[in-house]
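J.: The following comprises the amino acid sequence and a computationally predicted model.
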Amino acid sequence: MNSASPIGLYDSGLGGLSVVREVFRQLPREAVLYFGDTARVPYGGRSVEDLIAFNREILAILLERGAKAVLVACNTSSAVALHVLDGECPVPILGLIEAGARAAVRCGPRIGIIATEATIASGAHARAIASIRPDAEIFPIACPRLVPMIESGDWTSERAAAIVFESLAPFLDVELDALVLGCTHYPIISELIQSIVGSRVELVDPAQEAVRALGEILAGHEILAEPDAQPAHDFLVSGVPEAFAQNATRLFGSLAASVSHHPVRSLIES
Ligand code: DGL
């Protein structure tokens, strides 16, 4: 492992690409090694036990392929499994929850959180926000319909707008300063979300703050990529590569990297 080694990122599927996008923006010399667990998406309704097993399995794949640091590009995994992985991972590892909390409290005390059922049930964002800003009023809502919709490639249709509207309806009579996009799939549809909650609400994508923190960690360990590095990226998925590549290309304009299949243990065995 050295400065030319890749940063490992992973998610249940497409969502972590919103974090990769931020890595490309802030750390353009870094090579990315991404794992999307598309055979087992969505994670949001799964048990803590399953999620920890999936996280361990993916972390081992990334380490085996030489990741020099790992950014858990999934709020659900960050909320329920990171504390376990933290003690087991030989390279720096960080998640999104604290980063989201730090960014949200700067916007004001009335903070909405949208995330998966498992993330909301964990209470991780609420705890992280309250620990930095005890006067915060927190409004958490689980949105289980959004990830399957985004994974299916439906980001802009009338049906998508209706699903997002229904999911966010509880916020319509609440005045928020900030809304934390507490699932990495949601920044993919941030324009739709903004149009429903109104322009006065600041949407917080934890990835910006998390990638900033990642940059500081890499610098602190003296493993930042060289300024003249020409990074090569690698995308692995546990499901069908073509579907993932198509959606990734929509997100990035072009995806100058290959997407290949990497098997994972089946759900029955896990
Ligand atoms: N994108 C993930 C997150 O940030 C997981 C969503 C899911 O698979 O339910 O929570």
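T.: Perfect, thanks for sending it.

J.: what does the protein put close to the ligand?
T.: 11-12, 15, 41-44, 74-76, 116, 119, 147, 183-185 (CB under 6 Å from any ligand atom). Quick note: C-beta positions are derived from backbone N, CA and C, even for glycine.

J.: Would you map the helices across this structure?
T.: Assigned by DSSP state H, the chain shows helices spanning 17-26, 48-64, 75-80, 82-86, 97-105, 117-122, 124-132, 146-151, 158-168, 190-197, 206-220, 241-252.

J.: Comparing those by mean pLDDT, which bottoms out?
T.: Mean pLDDT is lowest for helix 241-252 among these, at a mean of 93.

J.: in that helix, what's buried?
T.: Buried positions in helix 241-252, judged by neighbour count with 16 or more other CB atoms under 10 Å: Pro241, Ala243, Phe244, Ala245, Asn247, Ala248.

J.: What is the neighbour count of Leu94?
T.: Neighbours of Leu94 under the rule other CB atoms under 10 Å: 19.

J.: no, scratch that, I was asking about Val32
T.: Count around Val32 with other CB under 10 Å applied: 23.

J.: contacting residues around the residue lying closest to it once chain neighbours are set aside?
T.: Leaving out its chain neighbours, the residue that sits closest to Val32 by CB to CB, 6 or more residues apart in numbering is His233, at 4.5 Å. His233 is in contact with Pro6, Ala31, Val32, Leu33, Tyr34, Ala256, Ala257, counting by CB atoms under 8 Å, 6 or more residues apart in numbering.

J.: hang on, the first one packs against Arg29?
T.: The reference is to Pro6. No: here Pro6 does not reach Arg29: they are 11.5 Å apart, not a contact under CB atoms under 8 Å.

J.: Which neighbours do these two have in common?
T.: Joint contacts of Pro6 and Arg29 (CB under 8 Å, 6+ apart) are Pro231.

J.: More neighbours: these two, which one.
T.: More crowded of Pro6 and Arg29, by other CB under 10 Å: Pro6, with 22 against 14.

J.: Check the gap between that one and Ala53 for me.
T.: Counting by CB to CB, to the nearest Å, the separation of Pro6 from Ala53 is 24 Å.

J.: With Val20 instead?
T.: 24 Å.

J.: Between those two, which is the more surrounded one?
T.: A direct count of neighbours by other CB under 10 Å for Val20 and Ala53 places Val20 higher, at 27 against 16.

J.: what about the more buried one, distance to the ligand?
T.: To the ligand, Val20 is 12 Å away according to CB to the nearest ligand atom, to the nearest Å.

J.: could you dump the helices of the chain to CSV with distance to Pro263?
T.: Listed next are the helices of the chain as CSV, based on distance: least, CB to CB, whole Å:
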stretch, distance to Pro263
helix 17-26, 21
helix 48-64, 10
helix 75-80, 19
helix 82-86, 21
helix 97-105, 29
helix 117-122, 24
helix 124-132, 30
helix 146-151, 19
helix 158-168, 31
helix 190-197, 33
helix 206-220, 28
helix 241-252, 12
